[in-house]
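A.B. asks: Need the 3D shape of this:
(4 chains, ligands or ions: 2)
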Amino acid sequence: MSEELQEALNLAGDAVSRAADGTVQLVGSECGECGKNVFPPTDVCPQCMSENLSSRKLSAQGKLYSWSVVHAAPKGWDLPFIAAYVDLPEEVRVFAHIVDADPEALEMEMPVEARIAVLGSDESGTAIESYAFTPVTKGDS
Amino acid sequence: MSEELQEALNLAGDAVSRAADGTVQLVGSECGECGKNVFPPTDVCPQCMSENLSSRKLSAQGKLYSWSVVHAAPKGWDLPFIAAYVDLPEEVRVFAHIVDADPEALEMEMPVEARIAVLGSDESGTAIESYAFTPVTKGDS
Amino acid sequence: MRDVAIVGAGMVPFGKYQEKTLADIAWPAVKQAVEDAGIKKTDIEATYCGTALGGMMSGQRILKKLGITGLPIINIENACSSSSTAFREAWITVAAGVYDAVLVIGVEKLTKFGGGTLPLEKEDWEVSHGLVMPALYAMRARRYMHEYGLTENDIADVSVKARKHGVWNEDAQFRKEVTREEVLASRPVADPLKLFHCCPSGDGAAAVVICSAEKAKQYSAEPIRVIGSEINSGKYMTGYRDMTSPEITLRGAKQLYEEAGIGPEDVDLAEVHDAFAIAELLYYEALGFCAKGDAAKLLADGETSVGGKIPVNPSGGLLSKGHPIGSTGVAQIVEIVRQLRGQCGQRQVEGAKVGLTHCTGGGVSGFDHGVCSINLFAR
Amino acid sequence: MRDVAIVGAGMVPFGKYQEKTLADIAWPAVKQAVEDAGIKKTDIEATYCGTALGGMMSGQRILKKLGITGLPIINIENACSSSSTAFREAWITVAAGVYDAVLVIGVEKLTKFGGGTLPLEKEDWEVSHGLVMPALYAMRARRYMHEYGLTENDIADVSVKARKHGVWNEDAQFRKEVTREEVLASRPVADPLKLFHCCPSGDGAAAVVICSAEKAKQYSAEPIRVIGSEINSGKYMTGYRDMTSPEITLRGAKQLYEEAGIGPEDVDLAEVHDAFAIAELLYYEALGFCAKGDAAKLLADGETSVGGKIPVNPSGGLLSKGHPIGSTGVAQIVEIVRQLRGQCGQRQVEGAKVGLTHCTGGGVSGFDHGVCSINLFAR
Ligand SMILES: [Zn+2]
Ligand SMILES: [Zn+2]
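C.D. replies: Ligands and ions are numbered 1, 2, ... in the order given. Below is the predicted model:
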């Protein structure tokens, strides 16, 4: 089918990495001078202004800080969607969609795991995908 | 033909008046307090801040202050067009297109006369019209 | 720095004026402020015009209508705090003795975008991933509910109070009361926030004339003194942060109270940035009107209603008066001026001597807010 | 008012950076200015960011990249004079003693509009009837040609000089000379103006750090003093006016020279707003570098080229350096700072002691220009 052949638009660019085993990790920057971690990747450190930064893969799992089921948003997003902030162990908080989840079953601080998901589509119908998180099911964690 | 039936989009709104004999006059505002004339029409006087303004028909003829043949403009305008400033006797200077004129034959201070002209078309192909001026030919003035 | 006072105030009713230009929406507010001040237009030495999305040189386009030109006209953008920032900049110039009399305008025409949520900056990472302002406030609300036991009823009651106040304000966009049940039954926007938890989109303008306190008496019988003016940007934080605690408002309020030499207990009324109902509760605490976690109780006890200890948003606030974003900061100041003069009829806060305005805005990833401005006024 | 000095300056080469965000275009300029000043970022007390079309809270979006946040960030819009206005506002705060050290940014990303003439405000009457900036300048040119006998060759020679200077400026968008014949043979834009008479569209950023003259020495070995700073809006004129005479520049220059206590004869070099070639000629006269009608002769005699009596736009000017509109005002100041420090290599104006910047902009019906800002600097 043509839909499968059509490549999705990736919103995250080089801010996400997908391993051969399917593991998805967000990619940020780590400052070579002061050690600060930043997401998304940047060319300059917001702590010490150094440009000595390297790519840094972040943990695939984090904890849910808060969320909202969003019913109104600009065109293109699949509605409703779950917007959330996820805290990664590297002292980084990430805004992300929560996918494959029952909103009623979400809990504060629950473990969530990164994956790639389709979040909407552009005007020409091309799928828009990016990183997202999903609750870790028992046995996974 | 459908093109004739389609009504043109009038940019000038109530800033232009067309008499039964075809005479076109620009319409401005005259301040009932201080007598100032303003074009286009306004609800408040820029001289004395009075809101006691009335509609004021301006002279159909004016003098050409300067002009330029414009070759680059946002979509919608028929290119090239002649942009100009025209001085009306009521102490009002008006920006307008000059139509039905050979650019080479234009002269500073030459008399020009108001008319309605099609200046371009919108995205759906509807004609855009407004006031414009044209050189007064000998015998007219 | 010299003492500064407000000598004239004006605004147009907030609403939808799609068929009018920005300049035509705004000039009546400016004329009203200038006439209220009784100042000659040639005595105005500079103008600061706040607008977020009004387009290039909004101030010039407005002021040419009234012929107030040939003076410095400075256009200021700071999202929802655009005109409160403009006020702060104007205040600096008068306090510092650069000018004696300055005009401040707030203006916005949101109907030009044709409705829906406010257009945010697409280059922002979170916006590019779907963050909208209601969702941001909704996540604050959910976390606050989790940590402090706030209920959906509590949040709805903010809207109920706002609408009640708005009924009494001729300049408000909404002038009809709503019940808690109606709020909770309104269309979901970003769970737990419903439509009636969100300020409406619209157009509007407001203006004030300020001058040195020394010269104020020559223009106005009742000049309102500016006893403190503060502005800040948020601190960029890439890591964990407490989203139940608006750091920029907390920091700004602390700084302002110190500068003005008064405390929250001295404030008689406040206009705060209730763009979404949950926000007003967070700001009760951040501005020191109650302790952390006690906001819902303060509201339930009626203390923030007109007639209470510290009426908040007697104008109806953003929820009821409306929020044409660049106009809001100055419109808040107009309300405080009218309250301190005792001109507010049914919504009058009796005996009000000190008023506060609080305006904060902007969705930029990593900031609590991009900007916050707080002012204190006294009669 | 206290004396104020510039202690740090930075800019990025102007050009096309469509793939970069506004913040990523700008932060290197800011970092360069901060490092040039040798100031700790925590010593910066406020930031004024000028942009015309950068979008909401551009300053916050830029400064979070460098972690310069939690301070007042004021975004200023004034069309082509956005960042020169930002500079003026920053100068007021330091001169008045409100702050000791302030950062000023100018930034613009015009490539986001995909080329063509600059998007003007559609609510403006003349714009709604098809006025574009090249046509406005073209009409000034034609009238000036009529009244003073200026020729098309004279106008072309402005571009030739600008391109010659630009070759020597690593930050310029155009670094290739053109001949008079090439200018005249370039594509017609708005008769008599051709493509090479018009500044290019593009992106860019520039920044300076200013502080009180008293504190300047602790940051910079060569602080550049601000000896005058002036801003004005145009006078709204609905009737006849002399379009060969830029009233706002004339009025502003007169006022500034008086305030600074010097005259045009004391100025060693100037960066003026040559958005279109004809403009530079009008400004020679308005700024007092020659008498009315003598601009073409001043240019032809080489007096406004590097090596002449009063070099104008040694940077290449808007015509060659580029004109990302909100960046221009601060970029002009960066050039003057570098010239007064003697850092300009082949384009260095030898022995320069006093420099002037002039930035004016905006197409609003009835104004010569919406805004104009002029500054004087000295070493
Ligand atoms: Zn670092
Ligand atoms: Zn009048």
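A.B. asks: Number of residues surrounding residue 124?
C.D. replies: Looking at chain A here, since you left the chain open. A count of nearby residues for residue A:124, using other CB atoms under 10 Å in any protein chain shown, gives 7. To be clear about C-beta, it is placed using only N, CA and C from the backbone, and glycine gets the same treatment.
A.B. asks: meant chain C actually
C.D. replies: Neighbour count of residue C:124, defined by other CB under 10 Å: 23.
A.B. asks: Then residue C:329?
C.D. replies: For residue C:329, using other CB under 10 Å, the count is 33.
A.B. asks: where exactly do the helices run in the stretch 251-379 of chain C?
C.D. replies: Counting by DSSP state H, counting those that start in this stretch, one finds helices in the stretch 251-379 of chain C at the ranges C:277-286, C:295-300, C:317-321, C:328-341.
A.B. asks: Tell me which of those helices sits nearest to chain B.
C.D. replies: Set against chain B and scored by CB to the nearest CB, the helices of the stretch 251-379 of chain C come closest in helix C:328-341, at 19.4 Å.
A.B. asks: Tell me which of the helices of the stretch 251-379 of chain C sits most buried.
C.D. replies: Here the criterion is mean neighbour count by mean count of other CB atoms under 10 Å in any protein chain shown, and of those the winner is helix C:317-321, at a mean of 32.
A.B. asks: Pull the distance from it to the chain's centre.
C.D. replies: 9 Å (CA atoms, centre = their mean, to the nearest Å).
A.B. asks: Could you do stretch C:226-241 as well?
C.D. replies: Put simply, stretch C:226-241 sits 16 Å off its chain's centre (CA atoms, centre = their mean).
A.B. asks: In it, which residues are buried?
C.D. replies: C:226-238, C:241 (16 or more other CB atoms under 10 Å in any protein chain shown).
A.B. asks: lowest confidence element among the helices and strands of chain A?
C.D. replies: When the helices and strands of chain A are scored by mean pLDDT, DSSP states H and E, helix A:2-5 comes last with a mean of 42.
A.B. asks: right, and the helix or strand after that one?
C.D. replies: With elements assigned by DSSP states H and E, the helix or strand that comes after helix A:2-5 is strand A:9-10.
A.B. asks: That next one - contacts with which helices or strands?
C.D. replies: In terms of contacts (3 or more CB pairs under 8 Å, 6 or more residues apart in numbering or on different chains; DSSP states H and E), strand A:9-10 is packed against strand A:127-135.
A.B. asks: Please see if the strand it packs on touches chain C.
C.D. replies: Yes - counting by CB under 8 Å from any CB of the partner chain, chain C is contacted by strand A:127-135 at residue A:130.
A.B. asks: now that strand: mean pLDDT?
C.D. replies: The average pLDDT within strand A:127-135 is 97.
A.B. asks: what do you get for stretch C:369-379?
C.D. replies: The pLDDT scores in stretch C:369-379 average 97.
A.B. asks: Over to stretch A:9-18?
C.D. replies: When pLDDT is averaged over stretch A:9-18, the result is 91.
A.B. asks: give the contact list for residue C:300.
C.D. replies: For residue C:300, the contact set (CB atoms under 8 Å, 6 or more residues apart in numbering or on different chains) comprises C:154, C:157.
A.B. asks: switch to 10 Å and redo it
C.D. replies: Counting by CB atoms under 10 Å, 6 or more residues apart in numbering or on different chains, residue C:300 touches C:153-154, C:157.
A.B. asks: Closest one of those to chain A?
C.D. replies: residue C:154 (17.2 Å).
A.B. asks: Thought residue C:293 was touching the closest one, still the case?
C.D. replies: No - using CB atoms under 10 Å, residue C:154 is not in contact with residue C:293, being 11.6 Å away.
A.B. asks: Between the two, which is the more surrounded one?
C.D. replies: Neighbours were counted for residue C:154 and for residue C:293 using other CB under 10 Å; residue C:154 has more, 22 against 14.
A.B. asks: Look up how far ligand 2 lies from the more buried one.
C.D. replies: According to CB to the ion, to the nearest Å, residue C:154 stands 54 Å off from ligand 2.
A.B. asks: One more: residue C:92?
C.D. replies: Residue C:92 is 34 Å from ligand 2, by CB to the ion.
A.B. asks: returning to what we had before: could you single out the nearest of the buried residues of stretch C:226-241 to chain B?
C.D. replies: Taking CB to the nearest CB as the measure, chain B lies nearest residue C:226 of the buried residues of stretch C:226-241, at 26.1 Å.
A.B. asks: quick one: the helix or strand the closest one falls within near chain A?
C.D. replies: Using DSSP H and E, residue C:226 sits within strand C:224-233. No - using CB under 10 Å from any CB of the partner chain, strand C:224-233 stays clear of chain A, with a minimum separation of 13.5 Å.
A.B. asks: check whether stretch C:7-24 contacts chain D.
C.D. replies: Yes - judged by CB under 10 Å from any CB, stretch C:7-24 comes into contact with chain D at C:20-24.
A.B. asks: Tabulate the residues you listed (CSV), appending secondary structure, neighbour count and pLDDT.
C.D. replies: Output for the residues of stretch C:7-24 next to chain D, formatted as CSV (DSSP: H, G, I helix; E, B strand; the rest coil; neighbours: other CB atoms under 10 Å in any protein chain shown; pLDDT from 0 to 100):
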residue, secondary structure, neighbour count, pLDDT
C:20, coil, 15, 96
C:21, coil, 20, 97
C:22, helix, 24, 98
C:23, helix, 26, 98
C:24, helix, 19, 98
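A.B. asks: Among these, name the ones that also lie close to ligand 1.
C.D. replies: Contacts with ligand 1 are made by none of these, judged by CB under 5 Å from the ion.
A.B. asks: Save the residues you listed as TSV, and put in distance to residue A:117 too.
C.D. replies: Converted to TSV, the residues of stretch C:7-24 next to chain D look like this (distance: CB to CB, whole Å):
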residue	distance to residue A:117
C:20	44
C:21	44
C:22	41
C:23	46
C:24	47
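A.B. asks: Which single one of these is nearest to chain D?
C.D. replies: Of all the residues of stretch C:7-24 next to chain D, residue C:21 has the smallest distance to chain D: 4.4 Å, by CB to the nearest CB.
A.B. asks: ok, now which ones touch the closest one?
C.D. replies: Taking CB under 10 Å, 6+ apart as the contact definition, residue C:21 lies against C:27, C:61-62, C:65, C:109, C:112, D:121-125, D:128.
A.B. asks: just the buried members of these?
C.D. replies: Neighbour counting over the contacts of residue C:21 (16+ other CB under 10 Å) leaves C:27, C:61-62, C:65, C:109, C:112, D:121, D:123-125, D:128 as the buried ones.
A.B. asks: now, among these, which is nearest to residue B:39?
C.D. replies: Using CB to CB, residue D:125 comes nearest to residue B:39 of those, at 8.6 Å.
A.B. asks: Provide a list of residues in contact with the closest one.
C.D. replies: Contact analysis of residue D:125 by CB under 10 Å, 6+ apart lists B:11-12, B:15, B:39-40, B:94-95, C:21, D:131, D:364-366.
A.B. asks: ok, residue A:46 to residue D:36 distance?
C.D. replies: From residue A:46 across to residue D:36, the span is 20 Å (CB to CB, to the nearest Å).
A.B. asks: From residue C:10, how far off is the residue nearest to residue C:65 when sequence neighbours are not counted?
C.D. replies: Distances taken as CB to CB, 6 or more residues apart in numbering or on different chains place residue C:27 nearest to residue C:65, at 4.4 Å, with adjacent residues excluded. Going from residue C:27 to residue C:10 by CB to CB gives 10 Å.
A.B. asks: Find residues that contact each of these two.
C.D. replies: Joint contacts of residue C:27 and residue C:10 (CB under 10 Å, 6+ apart) are C:105, C:205, C:207.
A.B. asks: For chain A, what lies in contact range of chain D?
C.D. replies: By the rule CB under 10 Å from any CB, the part of chain A lying against chain D is A:36, A:38, A:42-49, A:51.
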